[in-house]
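> generate a structure from the sequence data that follows.
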Amino acid sequence: MALALSLLFSSGVADASEGRAGTNATYYNDAAQPGADPFVLYADGYYYAYSTEGADPGYHFGIYRSPDLITWERLPGGALPADDPNQWGRDWFWAPEVYHNPETGKYFLFYSARLREDLVAEHFRYPDFEEPCKIGVAVADSPAGPFHNISDRPIDYFPYDPDYHDVNLIMTDQKRPPATLEEGMTAPRGTYIPAIDPNVFFDDGRTYLYFSRNAYRNWVWDHDLGKYIEESNIYAVELTDDWWRDPTGTTMPAIHPDYYNANREAGDGPQVRKDGFTPILDYGSDKQAWENAHVNDYAESGGQKKDRRWEEGSTVVKSTRSDGSPVYFLTYSANNYENEFYGVGYAVADHPLGPWRKSPANPVLAQDEQQGMYSTGHGSVIASPDGSELYYVHHGRPEPTTNRRLYTERMHLDPDTRALRIDQSTKDETIPSGVAPYSLVTDVPWVQLEDGRGELGWSVRSRSGAAMDLANQLNRVAVSIDSAGGITAETTPGRAELHGDSGVAALVLRYQRRKSTGEYFDIVNAPGEPVQATVPVAACTEVITGGRSGPLRVTSGVLCLSGADVSGAVSVGPGASLLVVNSRISGELRVSGAESAWLLGSAVGSVQVDGVRGLLRIEHTRVAGAVSIRDSRTRNSPVVAGNAIFGSLHCSANRPAPVDDGRPNAVSGGTTGQCSRM
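Below is the predicted model:
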């Protein structure tokens, strides 16, 4: 959102690094999500991308959600119900942008659409005006919508160009304008301006609405080419802020009084509206050759297309020079969005209303066949979660003939040199700063198999707590199981169904991301902390919760203690198993010849383990006395990790030797044998 962005970008902002990212996680542009004209808003820990395309039938504007600007999840439905009772638009619902007022909690959706036929004459004088596009506003209480139109009319704004000779009125063929300027000058003067591609910018207590003058019906004489070219230009108008401050969200945006009827002419009746506008960008005022990809389309298409230029899809952000003075950057798209010449340029100014000058470095984003990125354009600027980096989210195509897709690129501003750079890439890139650390969270601490079946769900969350879409192929949770009794798992993204009639198993969940080459790799948070979880799964013969007097002897089957408080010793004999989760054993725990033993998040007097043959884990447990582990023959290394041991820790003759999985133990009485470094 422009309001937030304007506070972030100053001279000398550092580039991204793995250290700043706090993880080894990367991303790449897989171009898997359909999307067009994306605008991105950060709200409630998620990025929301609003798109011209991607909505379900019965809705306008797709909504995508992501914790990291790349792992997008399409939300069901769409932003604006097609049957909204205040729907003034007929079709051509384009370029949605959403702005959030944190003080009122309201979310405002700006968009453009073509007017219903019964409204055309009211806004454009002629009922057969060819492309009568206007800008509307809808409101919601959630970034996910649904949004509802504030009014049954678009914004009360009638931009009027009094100097335009409306050659459309003297053209018999709408693709073929007058052949000479002299002929064009005979056309009646004055026309209402159709508007698309809204962008709202907040700056120093003032609010500006930027929009594109729709190319249709805007024939401009090109003195260099000696012919008319149909052009779109970028304009702006200042808005009042009553709509923004209204806690009910029922006030439509209104133009500033300085623009109201600013182009009114002598002889106009009292009901005539002719509002003003501020020109921002047009070709004639600042010519750049790369914008001329379609100026000969009429001849090249055999009269099927018009000669055209486009300047549209603008986004404005503010930065600050070293001396404290502001500089404004405006990104825009030029050429036709369906064409290989579609690209992004930028202009700079010292004031939101200009004058704006285009950069000689344009285009800064363009088709790159070697990277497999085509028809790039119309995006928005957003900061990383911690505000230290900029990104440009735009649409493009992975192949020349595919539909438009979402792409995310790192963007850099240098306000002192008035430079803007976009790092166009389909390779592996560092995840945006502030997304990590990740956490992998399960819905239950352990799984009890009842009647041979149990379930477990999990999520992977960013630092903000936003959940990753694990159905998106850019990431996944790899599932493995270490079972001492034939327990098996069937998995879907974010969930496992477990089956087994006996024993104890360790279900290991590891968060992974996909590289551009297709392989997946395990994710770690700095400094080297794996993003994973290990969950006990047990076919319990008996489950004890709450208080229980000891001693307890386990001679067969699986005893499960969950939230239990055992006053006395516990012993586990040959072939039996014990699972202790979030429980307390006030006496000694002795395990001899058992199949499996697992202590997790518990407290115990002392621990003596001999000859375990299946699974052995002691984790995040407080032990009042000594721990001794001997002569175990487990399939995988016994795990002794993250414990607080107020005695000694001794391990000997275990095959394989115990490990701490990178989670050291706090041992007051010293460590010896195989556990000497744990």
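
> so this protein: which segments form each domain?
For the chain, the TED database gives the domain ranges 26-430, 439-538, 542-673.

> would you reformat the ones you listed as JSON lines and include mean neighbour count?
The C-beta positions use only the backbone N, C-alpha and C, and glycine is treated the same way. Formatted as JSON lines, the domains of the chain follow (neighbours: other C-beta atoms under 10 Å):
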{"stretch": "domain 26-430", "mean neighbour count": "19"}
{"stretch": "domain 439-538", "mean neighbour count": "18"}
{"stretch": "domain 542-673", "mean neighbour count": "19"}
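
> mean pLDDT added to those, as a markdown table?
Shown next, in a markdown table, are the domains of the chain (pLDDT from 0 to 100):
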| stretch | mean pLDDT |
| --- | --- |
| domain 26-430 | 97 |
| domain 439-538 | 95 |
| domain 542-673 | 97 |
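
> which one's the longest strand in this structure?
strand 89-101 (DSSP state E).

> strand partners (parallel or antiparallel) of the helix or strand following it?
Counting by DSSP states H and E, the next helix or strand C-terminal to strand 89-101 is strand 106-115. According to DSSP bridges, strand 106-115 forms sheet pairs with strand 89-101 (antiparallel), strand 133-140 (antiparallel).

> closest to Gln271 out of the ones you listed?
The closest of those to Gln271 is strand 133-140. By C-beta to C-beta, the value is 18.4 Å.

> so which elements touch the following helix or strand past that closest one?
The helix or strand immediately downstream of strand 133-140 is strand 148-149, counting by DSSP H and E. Judged by 3 or more C-beta pairs under 8 Å, 6 or more residues apart in numbering; DSSP states H and E, strand 148-149 is in contact with strand 80-81, strand 133-140.

> name every strand pairing with the first one and say which way it goes.
Right, the one you point to is strand 80-81. Per DSSP bridges, strand 80-81 is paired in its sheet with strand 59-60 (antiparallel).

> now tell me what touches the partner strand from outside.
Residues outside strand 59-60 that contact it (C-beta atoms under 8 Å, 6 or more residues apart in numbering): Gly77, Gly78, Ala79, Leu80, Pro81, Ala82, Phe93, Pro96, Tyr111, Ala113, Pro146.

> distance to Pro326 added to those residues, as a markdown table?
Converted to a markdown table, the contacts of strand 59-60 look like this (distance: C-beta to C-beta, whole Å):
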| residue | distance to Pro326 |
| --- | --- |
| Gly77 | 39 |
| Gly78 | 36 |
| Ala79 | 32 |
| Leu80 | 34 |
| Pro81 | 40 |
| Ala82 | 41 |
| Phe93 | 34 |
| Pro96 | 28 |
| Tyr111 | 29 |
| Ala113 | 33 |
| Pro146 | 37 |
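
> biggest separation within the residues you listed, which pair?
Gly77 and Ala113 (18.1 Å).

> quick revisit: now the helices and strands packed on strand 148-149 as a markdown table including distance to Ser232?
Output for the helices and strands packed on strand 148-149, formatted as a markdown table (distance: least, C-beta to C-beta, whole Å):
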| stretch | distance to Ser232 |
| --- | --- |
| strand 80-81 | 24 |
| strand 133-140 | 11 |
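
> partners of the spatially closest residue to Thr240 that is not a sequence neighbour in the sheet?
Leaving aside its chain neighbours, Thr240 sits nearest to Ala254 (5.1 Å; criterion: C-beta to C-beta, 6 or more residues apart in numbering). On the basis of DSSP bridges, Ala254 is bridged to Asp156.

> so who does Ala254 touch?
Ile155, Asp156, Leu239, Thr240, Asp242, Trp243 are the contacts of Ala254 under C-beta under 8 Å, 6+ apart.

> identify the bridge partners of the third one.
By that I understand Leu239. Under the criterion DSSP bridges, Leu239 forms beta bridges with Thr207, Ile255.

> and for Arg476?
Gln512.

> and the gap between it and Ala467?
Per C-beta to C-beta, to the nearest Å, Arg476 is found 14 Å from Ala467.

> again, but for Tyr392
25 Å.

> which stretch of helix or strand covers Glu588?
strand 584-592.

> from the chain's centre, how far out does the helix or strand just after that strand sit?
Sequence-wise, the next helix or strand downstream of strand 584-592 (DSSP H and E) is strand 596-600. Relative to its chain's centre, strand 596-600 lies at 40 Å (C-alpha atoms, centre = their mean, to the nearest Å).

> check stretch 509-524 too.
The chain centre lies 19 Å from the centre of stretch 509-524; the measure is C-alpha atoms, centre = their mean.

> what of stretch 578-594?
Distance of stretch 578-594 from its chain centroid, counting by C-alpha atoms, centre = their mean, is 46 Å.

> ends of it, how far apart?
Using C-alpha to C-alpha, to the nearest Å, one end of stretch 578-594 lies 8 Å from the other.

> stretch 390-403 now?
End-to-end distance of stretch 390-403: 26 Å, with C-alpha to C-alpha as the criterion.

> ok, the nearest residue to Thr250 once chain neighbours are set aside - contacts?
In this structure, Thr250 finds its nearest non-sequential neighbour in Ile150, 6.2 Å apart by C-beta to C-beta, 6+ apart. The neighbours of Ile150, taking C-beta under 8 Å, 6+ apart as the test, are Asn86, Val137, Ala138, Val139, Trp243, Gly249, Thr250, Thr251, Met252.

> in what helix or strand does the nearest residue to Gly379 once chain neighbours are set aside lie?
Nearest non-adjacent residue to Gly379, counting by C-beta to C-beta, 6+ apart: His394, 2.8 Å away. Per DSSP H and E: His394 is located in strand 390-397.

> strand partners of that strand, parallel vs antiparallel please.
Sheet pairing for strand 390-397, using DSSP bridges, gives strand 374-383 (antiparallel), strand 405-414 (antiparallel).

> distance to Gln367 added to those, as JSON lines?
Below are those laid out as JSON lines (distance: least, C-beta to C-beta, whole Å):
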{"stretch": "strand 374-383", "distance to Gln367": "5"}
{"stretch": "strand 405-414", "distance to Gln367": "12"}
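
> which ones are touching the residue nearest to Tyr111 when sequence neighbours are not counted?
In space, and not counting its chain neighbours, Tyr111 is closest to Pro96: 4.5 Å by C-beta to C-beta, 6+ apart. By C-beta under 8 Å, 6+ apart, the contact list for Pro96 reads Asp37, Phe39, Tyr50, Ser51, Thr52, His60, Phe61, Ala79, Leu80, Leu109, Phe110, Tyr111.

> same check, this time on Val447
Neighbour list for Val447: Gly454, Glu455, Leu456, Leu498, Leu507, Val535, Pro536, Val537, Ala538 [criterion: C-beta under 8 Å, 6+ apart].
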